[in-house]
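*Asks:* I would like the atomic coordinates for the input below:
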Amino acid sequence: MTRLPENETAPETLEIEVLVRKTLAGDCRAFEQIVLQYERRVMTLSRRLLRGMDEAQDATQEVFLRAFKYLHRLDLRRPVEPWLMRITVNVCRDFQRKSQRRHRTFIEDSSTQNEAATSAPDPYSGFAWEQERQRLSKALNELPEKERMAVILRDVEGFSTSEVAEILGSSEGTVRSQICRGRLRLKEAMDAKTGDQS
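*Replies:* Reported below is the predicted structural model:
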């Protein structure tokens, strides 16, 4: 039996590589498969970075239009998801610039909110949780853009620090600093808001 190399490519990566090669050869159905695989992830991040569902849907469409246009630049030795997330961040930044206003950046799915409320032992627990979520959302929205992006990608989307650095086109050291500063600002803002209520 032949031993696989330690850096053997994961099956998902091989599948995407095949789909990318077919797309570049003119197979539009192959690109549809790529869209189906990543559309939800792109939409979720877009919703967190933009104001609401309509803008997120428009951004998601734009992300895949750009992905299709620049697919020939994709390095197939690397995972496709960070590349797509980087496009998503750039598209959302463009949308924010066009609208010329600050947007809400932390949107939870209504299903998550409903689960928290219905599983609460008393009716006030769900309300308290919602108030806490709104305070966090406001504090996150007030972070400087780079820190906000880094914190969302790392702590909300769950990317590793190296992946966040790749998505944002920055160094790991810079991203670590942005995440650290962002978390500290969030903690200070949440502590201040808690102090205001006591």
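*Asks:* Please name the nearest non-neighbouring residue to the residue nearest the centre of the chain.
*Replies:* For the chain, the residue sitting closest to the mean C-alpha position, by C-alpha atoms, centre = their mean, is Leu45 at 3.4 Å. Spatial nearest neighbour of Leu45, excluding adjacent residues (C-beta to C-beta, 6 or more residues apart in numbering): Thr88 at 5.1 Å. (C-beta placed from N, C-alpha, C; glycine too.)
*Asks:* wait, doesn't that neighbour sit right on Thr44?
*Replies:* No - look at Thr88 against Thr44 with C-beta atoms under 8 Å: they stay out of range, at 9.6 Å.
*Asks:* Let me see the ranges of the helices in this protein.
*Replies:* Chain-ordered helices for the chain, with DSSP state H as the definition, fall at 11-24, 28-49, 53-69, 80-99, 110-118, 123-141, 145-151, 161-168, 172-197.
*Asks:* In terms of mean pLDDT, which of those helices ranks lowest?
*Replies:* In terms of mean pLDDT, the lowest-scoring of those is helix 110-118 (a mean of 45).
*Asks:* Mark out where each domain of this protein begins and ends.
*Replies:* Domain assignment for the chain by automatic domain parsing gives 10-103, 106-198.
*Asks:* between Thr88 and Thr44, who's got more neighbours?
*Replies:* Higher neighbour count among Thr88 and Thr44: Thr88, with 28 against 17, using other C-beta atoms under 10 Å.
*Asks:* roughly how far apart are that one and Arg66?
*Replies:* As judged by C-beta to C-beta, to the nearest Å, Thr88 and Arg66 stand 9 Å apart.
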